[in-house]
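1. Generate a structure from the sequence data that follows.
(chains A and B)
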2 protein chains.
Amino acid sequence: MKAYEQAAAKFAEIQKLQAVSTQLFWDSKTMMPVSASSGRGEQMGALTQVVHEKSTDKELTDLINDAEQEHNELDDWQRANVREMKRLNVHAHAVAGDTAVAFAKARNDAGVAWVNAKANNDFNSFQPHLEKVFGLQIEIAQAKAETLGLGVYDALLDEHDPGSSTAEIDRLFGELEAFLPDFVREVSQRQTEPVPLSTVDTGLQDSFIRTVIQRIGWPEDGRLDHTEHPFAMAGSPGDPRITTHYDADNVMFTMMAAFHECGHGMYELNLPKNDYAYQPVGLYRGGSTHESQSLGVEMMACRSEEFLGWLFPRLRDAFSVSGDAWTDENLMAHYRRLQPSFIRIKADEVTYPLHVILRYNLEQRILNGDLAIADIPDAWDNEIERLLGIRPPSLSEGCLQDVHWSMGLIGYFPTYLLGALKAAQFFDAAKRSKDELLPALAEGEFAPWMDWLKDNVHQHASFYSAGELVERATGSQLATTALIAHFEERYGEAIL
Amino acid sequence: MKAYEQAAAKFAEIQKLQAVSTQLFWDSKTMMPVSASSGRGEQMGALTQVVHEKSTDKELTDLINDAEQEHNELDDWQRANVREMKRLNVHAHAVAGDTAVAFAKARNDAGVAWVNAKANNDFNSFQPHLEKVFGLQIEIAQAKAETLGLGVYDALLDEHDPGSSTAEIDRLFGELEAFLPDFVREVSQRQTEPVPLSTVDTGLQDSFIRTVIQRIGWPEDGRLDHTEHPFAMAGSPGDPRITTHYDADNVMFTMMAAFHECGHGMYELNLPKNDYAYQPVGLYRGGSTHESQSLGVEMMACRSEEFLGWLFPRLRDAFSVSGDAWTDENLMAHYRRLQPSFIRIKADEVTYPLHVILRYNLEQRILNGDLAIADIPDAWDNEIERLLGIRPPSLSEGCLQDVHWSMGLIGYFPTYLLGALKAAQFFDAAKRSKDELLPALAEGEFAPWMDWLKDNVHQHASFYSAGELVERATGSQLATTALIAHFEERYGEAIL
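-> Below you'll find the model as predicted:
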């Protein structure tokens, strides 16, 4: 057997066990009684250990190196697979031995400390934990950077979003930072508060949401469950699952979160089911591409004027609601509401990018040694005031709002905004290549949009680099043009 | 580190991965979309392979042997743990290599063939598959028998129900076979058909069942879900889960199946949570002891006159039902209905033993070479006519009704009836030691009964042998006395 085939067999085994792990995660968020947490932790630990051992097996590294030598005997997908195997192998080996144990412990401790710090508005108790997590993550990143021949931040990006670089992010985020603050101020000043929506029974929400996601392409027997934080299960081919947070008081959020996760889920559903289902090359093309799929469904399609025109009368029917709050005009005002706010995950699509830019800027300064962990609270408040013109009244609405840093997730936030840029650029290209796309959305039909995504994104998995994927699909490099045009079109005129 | 500690660490890892496997099984029956079956099969396969490798690791066998030599340094529980380690090790090694692969394939093929054979009432197409499965299982059993110094059938029993033996089963089943057929004829002849029960909304059933199982001791956040075939999830400490089959047309079955599985679940819930949670000695004491727990709750407690007196008015309230069908008398007639029938899993508690005896008798004859697979259909029909006085109108109601043999499960059926014997003997001993037990059930209170089980069965896990467990708990060896007395008391007088 060729070294390639042997390596592929080992990766198939690893990815199948990863899929099991994913499944347990889903269960722990949807089905598991809270009292079972510690037992589940032990079971997950045993499984993680098996995956770690198999991923860092010396024999696997040798096989990958040998497979590279078989270059001329491999086809294009196999070559791309070897490239991705090598990348995963570098990341698996970078966090090994004592550092891995110390990092796991530091993250765990920091996670607990963060929950308390946020609840008590107390940065001081959290600071030493955050210093430890950042210290270890930087140490790990430096090791990766050396192996990969990349800068430290780029080495972190390579794990979550291979193909992204600080050079590209600096350029793109810089353009957005130059455009957005004035635009936000201008638009938000001429908006008024819409009439609040009344409560809607979550059972009615659920039935209606299911009819809509099936229009998007979600299988009739595909799972949709309730969780505290909505998510999509990734990495279990043929078993896509999504969740939303059912909230009688916030039907817009429940619906849009379901559509968002459905976008993620459709990507997973359409990844290759052949020999590459459990191979590195068969996985999604990084965090920003995944986010582009959720935002492509939620922000581009489901919040478009065309689709909302289809949606509004149907949701009034389904929810048996009427009155001032539920007119087309008032509903649209809710969907077009743009307002600086403190919490990223509750932000509208126009102010959202500034929340990401804030975090990216701070991460850069910390990694460059220009910002001490102790100075994060002030730096945060100053930065959000500079970008959004508001100052958080508390730390829990400021630098303590996100779990990411306590988990050592540095170099991850940019994927959210890169995803928005990609979503806008994909949607723009799809509209240009398919005249029927917007008319179809006005009829509640997603096929043209989803077919375009399947052809241009989903089926390619990680065969192309992220940059190639965007260029092949849209004819140009990733840029801010489409997202800025989208904002101007949706908010510049519609709400004049 | 002592060899014992090293072996224990390896078993802890194995059992945690087994718990993961258990969890995936639960998911596949309750939550997973059917379309995900083949992917799940691949993931389960990868996990099973890991567990198999770890269970048959040569180093583990050496460690167990070394741990035996540390006898004097170990405490009682550790010594019992080594004994159970050794037993599991023998069974893990008995089915290795080519035979394991051939057996897995034969079982899989036979499973598919059985579904078709049952649907088409066609034994001929199934026969070669069954011959292969029996042939391989006998080959495996012979290897085990040699290692364990046991007879072939006893070697099979040792896997599912260690401590049971053909000598004991022959004696016990023989006594029941001498008593039951006449008793069944006598009682069933003086019964009349009760008024059929009307349908009950499954939502109402669910709410009511939850209040009852919480009285049994089921945690408020413990899972109860719907499945085609009710089951209890075993081997995931601290995460007990049970299912029932919700059926609007058969509320008695839905309720009683839930109580039955709750009995299994309570055993799992009360197994040791300490260092032995994931050790061989911390597992349940074999199939018949597990079955004694489900039957102890369902048959002994929940079908007792005392508990039913509490239950009937409350279920009428909960289901908002009244009329002839729902009187105490008619409900009791349903609960005391005794009638020879063809399908084991639908049989009442008095005819049920005869179904088990039938299968045990046939298995013995096959293993002794006295019955060819080709002759099973006739032998089956003759045997059920001899025991129950009825002859199946079709093979699917005869020898093709059960999945077990297609899975190579020989030596498993006896556990169902041994479980009934143990349940009756446990209940009898508990009543004698706790005067308050029956009065409590009349108030819908299970505490005396569950406390007795916890003290005498649950907490001991596999520390004692199955025989010791029964003797310590009840003061005598396993016998038919208690079950026969139970039948005579419940059916001999109550329905005169």
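2. Tell me the residues on chain A that lie near chain B, please.
-> A:12-13, A:16-17, A:19-20, A:23-24, A:27, A:31-36, A:38-40, A:42-43, A:45-47, A:49-50, A:219, A:221-223, A:236-239, A:277-278 (C-beta under 8 Å from any C-beta of the partner chain). Bear in mind the C-beta positions are built from the backbone N, C-alpha and C, glycine included.
3. Now with 7 Å, please.
-> By the rule C-beta under 7 Å from any C-beta of the partner chain, the part of chain A lying against chain B is A:13, A:16-17, A:19-20, A:23-24, A:27, A:31-36, A:38-40, A:42-43, A:46-47, A:50, A:219, A:221-223, A:236-239.
4. A:Phe173 contacts A:Leu358, correct?
-> No: with contact defined as C-beta atoms under 7 Å, A:Phe173 does not reach A:Leu358; the gap is 10.2 Å.
5. ok, back up a step: quick one, which of the residues of chain A next to chain B are buried?
-> A:13, A:16-17, A:19-20, A:23-24, A:27, A:31-33, A:36, A:39-40, A:42-43, A:46-47, A:50, A:222-223, A:236-239 (16 or more other C-beta atoms under 10 Å in any protein chain shown).
6. how about the strands in the stretch 201-350 of chain A?
-> A:223-226, A:232-233, A:241-244 (DSSP state E, counting those that start in this stretch).
7. most neighbours per residue, which of these?
-> Mean neighbours per residue, mean count of other C-beta atoms under 10 Å in any protein chain shown, is largest over the strands of the stretch 201-350 of chain A for strand A:241-244, with a mean of 26.
8. tell me how far that one is from the chain's mean position?
-> 14 Å (C-alpha atoms, centre = their mean, to the nearest Å).
9. Which elements pack onto that strand?
-> Counting contacts by 3 or more C-beta pairs under 7 Å, 6 or more residues apart in numbering or on different chains; DSSP states H and E, strand A:241-244 packs against strand A:223-226, helix A:251-270.
10. Assign a three-state SS to the closest residue to A:Thr61 other than its chain neighbours, would you?
-> Distances taken as C-beta to C-beta, 6 or more residues apart in numbering or on different chains put A:Asn89 closest to A:Thr61, at 5.8 Å, once the chain neighbours are dropped. The three-state label given to A:Asn89 by DSSP: H, G, I helix; E, B strand; the rest coil is helix.
11. can I assume A:Asn89 is in contact with A:Leu63?
-> No: in this structure, A:Asn89 is not within contact of A:Leu63 by C-beta under 7 Å, at 9.8 Å.
12. all helices for the stretch 101-250 of chain A, in order.
-> A:127-148, A:152-160, A:166-189, A:202-216 (DSSP state H, counting those that start in this stretch).
13. Switch these over to a markdown table; also include distance to B:His229.
-> Formatted as a markdown table, the helices of the stretch 101-250 of chain A follow (distance: least, C-beta to C-beta, whole Å):
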| stretch | distance to B:His229 |
| --- | --- |
| helix A:127-148 | 47 |
| helix A:152-160 | 43 |
| helix A:166-189 | 54 |
| helix A:202-216 | 27 |
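14. Just name the most buried of these.
-> Ranked by mean neighbour count, the helices of the stretch 101-250 of chain A are led by helix A:152-160 with a mean of 23 (mean count of other C-beta under 10 Å).
15. what's the angle between that one and helix A:127-148?
-> Angle, helix A:152-160 to helix A:127-148, by axes from the mean of the first three to the mean of the last three C-alpha atoms, to 10 degrees: 80 degrees.
16. Show me where the stretch 51-200 of chain A dips below the pLDDT cut-off.
-> Judged against pLDDT under 70, the stretch 51-200 of chain A has no low-scoring part.
17. Can you give me the neighbour number for whatever residue of it ends up closest to chain B?
-> Nearest to chain B in the stretch 51-200 of chain A, going by C-beta to the nearest C-beta, is A:Lys54, at a distance of 8.6 Å. For A:Lys54, the count of nearby residues is 19 (other C-beta atoms under 10 Å in any protein chain shown).
18. I'd guessed it sits against A:Ala12; true?
-> No: counting by C-beta under 7 Å, A:Lys54 does not reach A:Ala12; the two are 10.9 Å apart.
19. residues touching A:Phe179, list them.
-> A:Phe179 makes contacts with A:Ile484, as judged by C-beta atoms under 7 Å, 6 or more residues apart in numbering or on different chains.
20. quick revisit: B:Phe342: which of the helices and strands packed on strand A:241-244 is closest?
-> Closest to B:Phe342 of those is strand A:223-226 (C-beta to C-beta; 37.8 Å).
21. how close does the closest residue to A:Thr227 other than its chain neighbours get to chain B?
-> Excluding the flanking residues, the one nearest A:Thr227 by C-beta to C-beta, 6+ apart is A:Thr243, at 4.1 Å. In this view, A:Thr243 and chain B are 12 Å apart by C-beta to the nearest C-beta, to the nearest Å.
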